[in-house]
Structures are given as C-alpha cells and as structure tokens.
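**Student:** The sequence and its predicted three-dimensional model are supplied below.
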Number of protein chains: 2
Amino acid sequence: MPDDHRAAAVPPRPRRADARRNYDRIVAAATSAIAEHGAEASLEEIARRAGVGSATLHRHFPSRQRLLEAVFHGKVEALCATARDLAAGPDPGEALVAWLRAVAAHVVTNRGLATSLLHGAQDGDAVGASCHAMIVNAGQELLDGARRAGAVRDDVAIVDLLTLVNAICLATEHDPDGAAEAERLLDLVLAGVRPGLPSRTPAAK
Amino acid sequence: MPDDHRAAAVPPRPRRADARRNYDRIVAAATSAIAEHGAEASLEEIARRAGVGSATLHRHFPSRQRLLEAVFHGKVEALCATARDLAAGPDPGEALVAWLRAVAAHVVTNRGLATSLLHGAQDGDAVGASCHAMIVNAGQELLDGARRAGAVRDDVAIVDLLTLVNAICLATEHDPDGAAEAERLLDLVLAGVRPGLPSRTPAAK
DNA sequence: TACGATTCGGAGGGACACCCCGTTTACGCA
DNA sequence: TGCGTAAACGGGGTGTCCCTCCGAATCGTA
C-alpha cells in the first residue's frame, strides 16, 4: 500500500527524453548548490549550473519545495530503510532512539531538510507531504514497537518526536557547534519520553 | 549591573527630534507589519507605512535583526519582569515552568521572535545579543532556584531550555493549531527536565 | 537670523522569482 | 525514412526586494 505513495511520487515525471535529462541535471545541480548554500540557494544559479533556462527549472518544479523534495527523496528512502533494519533488532526502545538520532544526523548534514519536511506536511500541497508521510509511517512502526515494550509513554505521538527532532536541528543549525548542542537537547527530550525511569544522565557532574 | 545592558541598549538612539520621530514611526510600522506578515515582512513596505524613505529605515536599522530587536525589546523586558515576579513566589520549580510557558506564549504570539532571538545570540553582532542576554539572565535565576529546590536535573542549562522552547515554537508556528502542538511538546520536554519523578501526564490515552 | 552639522528620501544598481511566447526538438506514424 | 505535431526549451521581460549614493531639506545653536 505504501507503494501508492511511490507511484504518485514527488514531482510529475517528465515523459520525453530531453525533459528527463534536464530534470536529472537540475536535481544534480540543486543537490550540490544546496550542499553549498543551504536550502535557500538561488534557483537561477541552480538553473545556470544545470545548463538550462530558468523557465525549464520552474516548469519541472513549480515551487522551491518540490525541488527540495526531489533532492531529498533518496535520503528519505534511506532513512525509511534504516527504520526497517532497526525494527528487526532486539530492543524496540533502543531502536526508536537510534532511529531518531539517525534522523537528526541526516537533518543536520542536509541543511534545510528540516524546514522542508516541516512545511511540506502543512501546506495544502498534497504531493509535498509525501516525504513527510514516508518518514511518519516508518517512525510509527518503531514507536509502536517501543510502546509495546513499555519503553515510551503512551501519550507520545511519532509526529511529536519528529517535530522535536526537526525543531532541535532547526534551532541549532546556525550554531557553530550546533551538533553538540543538538545532541544534548535530544538527550533531554528522550529522557522525557521514557515512562517512569529516573534520568540516566551520563555525567551529572 | 544589568543596567549596563540597558545603557548600551538595542539600537543607537537618534539625537535630533525629527530622527527620533521617524525612528518611532518605523518601529510602530514594523510592529504592525510583523504582526501581519511575520518577521520576513518587507522592509520597503514598513518604510512606506511609516511614511519615510527606505534609506531612512536602513540608516536607523542597519540590519533586519536590529529592527526586530527594537520591536521586541518591550516584550522582552516584560518577560524579564515576569521572571522577577515568579522568582519571588513560593515554588521555584513551578516558577521556572510557568516562566518557560510564558516565554512560549510570547514567542507564539510574536511571530519571528524565536528566530530573532536565536540568531541574535549567534551573530558576531554584540548589540544583537542584548535581548538574548536579558532573557538568559532572567531565566538563569529561575533555574538556579529550581535547581536548589531539587526540581530540575543538574545537567540542564538555561540556554538548553530556552533553545528548546524557541525550537518548539519555531517548528509549530506554521501549523494551523500549532499552539496545542507546542503545548504538548513543551510538556514532553518538561517531563525530561525533572530529576526522577515519573511522568505527570494529564490525560494519558 | 544665519550657519553648520545632521538627517532625509528619491533615484538607481544588483539580485532574485517567476512568466510570456517564439523557436527548437523529439517522438509516432505512414 | 521522412514528416507533422505536440511537447519542451530558454532568452528576455516584469515586478519585487535589499541596499547605497548624494543633493536637498531640516534642526539646533550662536
């Protein structure tokens, strides 16, 4: 059933050979441009790098959001695969935690992913929600497992956790050593997710 | 001593009467524009509403950040006053929690405040950090009190808490009913901050 | 009142997102 | 293989935005 999502995948795919070629070039150019300048990279420069006119870029990707999703689609799939792997492991609670850390790591190393996914889920944009939906579905299974194992509170939803992870990355991505800060904040949040256990603070001083 | 902060306050103050008049008009126009369009409101439209040229706006506020700080300065002071009031109360732990909720409420009702404060602390901009510093100082006292009362873990810093509050508001401000979501996430985070207490979830299931 | 310093704001440069529309290209079919 | 048509292309134009220059206007003061 999730194949339906992939069938109606991120952007409408081009039919003709040259269109498909340009599409791929644009995604490649966008990938490198975003890696350099973040998700706010100039669309015109992306078109320039891809060797196409700006009109072509806008025809393939009516909004910046669509382009970001095309760029991040592969990474999202990798994240979902990671979730499946972790779900097969022995400790459901640890699996969830490990996956959330993986999500955080992906978001940190892909500037703008957080914002992209966050907004994609909320705009009317039905297609825009596909990446978000994939991740939510993947995370839901891990959360269900962890909940059955009694590792998390009952009133925590997967979107809560993902929103928090995104929020943390969003808030720390401008920080010089945001990674360490993000790590600490994530620990804090995870402590609040466990049912009744006392804190397992690593080095309380 | 914190008066030193106020002495070197947010923006360089205009000296001449007409300059001060325009300054006030710009801040007023920016306040309403930001309330309508968020922190990304067009600077040119703000100048237009204020009835001044765009050059005048840029002379008074060399960066958007400076303008945001001027707009939010009053609210930040109110927040610090709230902190002092709460610090005088009987329960330090509750005082901290109540204050963080107040911070969240202010951020939610002032779109862009979060981003503004977050970035102001990280740019080289010495003046830009003043709002952030005021809030951190105010919160630090509440946290110290709560820690002495044993209401929070030892390894939690006030900047962690403020970053989380900001992050949550940032992540939920585009949501249709972001307020409810923010509330839930804040509960989650606060649960992780308490030393060993089990969750006090209001309505599980 | 008259002077000098400060402030003002219109005009203009550069960058950007986005669109119009004449031209070129690829595909399907005889 | 050759051709007609629909699809795709991209240069150039428009409107917006941020920001700066510099001559004109304004304020405070002697």
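**Tutor:** Looks like it came in fine. Residues are numbered from 1 along each chain as shown, chains lettered A, B, ... in the order given.
**Student:** For the closest residue to A:Ser54 other than its chain neighbours, give me its contacts.
**Tutor:** Spatial nearest neighbour of A:Ser54, chain neighbours left out: A:Ala47 (4.6 Å); criterion: CB to CB, 6 or more residues apart in numbering or on different chains. In this view, the C-beta of every residue, glycine as well, is placed from N, C-alpha and C. Shown in contact with A:Ala47 (CB atoms under 8 Å, 6 or more residues apart in numbering or on different chains): A:Ile26, A:Ala29, A:Gly53, A:Ser54, A:Thr56, A:Leu57.
**Student:** What distance do you get for A:Ala47 to DNA strand C?
**Tutor:** In this view, A:Ala47 and DNA strand C are 8 Å apart by CB to the nearest atom of the strand, to the nearest Å.
**Student:** List the buried residues in stretch A:83-100.
**Tutor:** For stretch A:83-100, burial by neighbour count (16 or more other CB atoms under 10 Å in any protein chain shown) applies to A:Ala83, A:Leu86, A:Ala87, A:Pro92, A:Gly93, A:Ala95, A:Leu96, A:Val97, A:Ala98, A:Trp99, A:Leu100.
**Student:** what about it, distance to the chain center?
**Tutor:** Computed by CA atoms, centre = their mean, to the nearest Å, the chain-centroid distance of stretch A:83-100 equals 17 Å.
**Student:** measure that stretch end to end?
**Tutor:** 9 Å (CA to CA, to the nearest Å).
**Student:** for stretch A:143-160, same thing?
**Tutor:** Stretch A:143-160 has its terminal residues 11 Å apart, counting by CA to CA.
**Student:** ok, residues contacting it?
**Tutor:** With contacts defined as CB under 8 Å, 6+ apart, stretch A:143-160 is touched by A:87, A:91-96, A:136, A:139-140, A:142, A:161, A:193-195, B:181, B:184-185, B:188, B:191, B:199, B:201, B:203-205.
**Student:** In helices, which of those appear?
**Tutor:** With DSSP state H as the criterion, helices contain A:87, A:92-96, A:136, A:139-140, A:142, A:161, A:193, B:181, B:184-185, B:188, B:191 from among the contacts of stretch A:143-160.
**Student:** And the residue of chain A closest to DNA strand C?
**Tutor:** Residue nearest to DNA strand C within chain A: A:Ala17 (2.8 Å; CB to the nearest atom of the strand).
**Student:** Now that we're looking at that residue, what pLDDT does it have?
**Tutor:** Note on A:Ala17: pLDDT of 91.
**Student:** Please apply the same query to A:Glu173.
**Tutor:** Listed pLDDT for A:Glu173 reads 76.
**Student:** Ignoring the adjacent residues along the chain, who's closest to it?
**Tutor:** Closest residue to A:Glu173 in three dimensions, ignoring its sequence neighbours and counting by CB to CB, 6+ apart: A:Arg111, at 6.3 Å.
**Student:** Could you do A:Val76 as well?
**Tutor:** Closest residue in space to A:Val76, ignoring its immediate chain neighbours: A:Cys131 at 4.8 Å, by CB to CB, 6+ apart.
**Student:** what about the one you found, which helix or strand?
**Tutor:** In the assignment (DSSP states H and E), A:Cys131 maps to helix A:130-148.
**Student:** Which parts of that helix count as buried, going by neighbours?
**Tutor:** Buried, per 16+ other CB under 10 Å, within helix A:130-148: A:130-132, A:134-136, A:138-139, A:141-143, A:145-147.
**Student:** coming back round to it: is the residue nearest to A:Val76 in contact with A:Ala70, as I believe?
**Tutor:** No: at 9.7 Å, A:Cys131 does not count as touching A:Ala70 under the criterion of CB atoms under 8 Å.
**Student:** What ranges does chain A have for its helices?
**Tutor:** Per DSSP H, chain A carries helices over the ranges A:3-7, A:17-37, A:43-50, A:54-60, A:64-87, A:92-109, A:113-120, A:130-148, A:158-172, A:178-193.
**Student:** Export these as JSON lines, with columns for distance to B:Ala39.
**Tutor:** JSON lines is the format used below for the helices of chain A (distance: least, CB to CB, whole Å):
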{"stretch": "helix A:3-7", "distance to B:Ala39": "34"}
{"stretch": "helix A:17-37", "distance to B:Ala39": "21"}
{"stretch": "helix A:43-50", "distance to B:Ala39": "22"}
{"stretch": "helix A:54-60", "distance to B:Ala39": "27"}
{"stretch": "helix A:64-87", "distance to B:Ala39": "19"}
{"stretch": "helix A:92-109", "distance to B:Ala39": "22"}
{"stretch": "helix A:113-120", "distance to B:Ala39": "14"}
{"stretch": "helix A:130-148", "distance to B:Ala39": "24"}
{"stretch": "helix A:158-172", "distance to B:Ala39": "15"}
{"stretch": "helix A:178-193", "distance to B:Ala39": "21"}
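**Student:** what's the closest of these to B:Glu40?
**Tutor:** helix A:113-120 (13.0 Å; CB to CB).
**Student:** what number of residues lie near the residue of chain A at minimum distance from DNA strand D?
**Tutor:** Residue of chain A nearest DNA strand D, by CB to the nearest atom of the strand: A:Gly53 (2.1 Å). Neighbourhood size, A:Gly53 [other CB atoms under 10 Å in any protein chain shown]: 13.
**Student:** what's the answer for the one 4 residues further on, then?
**Tutor:** Residues contacting A:Leu57 under the criterion other CB under 10 Å number 22.
**Student:** could you list every residue that touches it?
**Tutor:** Taking CB under 8 Å, 6+ apart, one finds A:Ile26, A:Leu43, A:Ile46, A:Ala47, A:Ala50, A:Leu67 in contact with A:Leu57.
**Student:** Which of these sits closest to chain B?
**Tutor:** A:Leu43 (17.5 Å; CB to the nearest CB).
**Student:** Cool, thanks, signing off.
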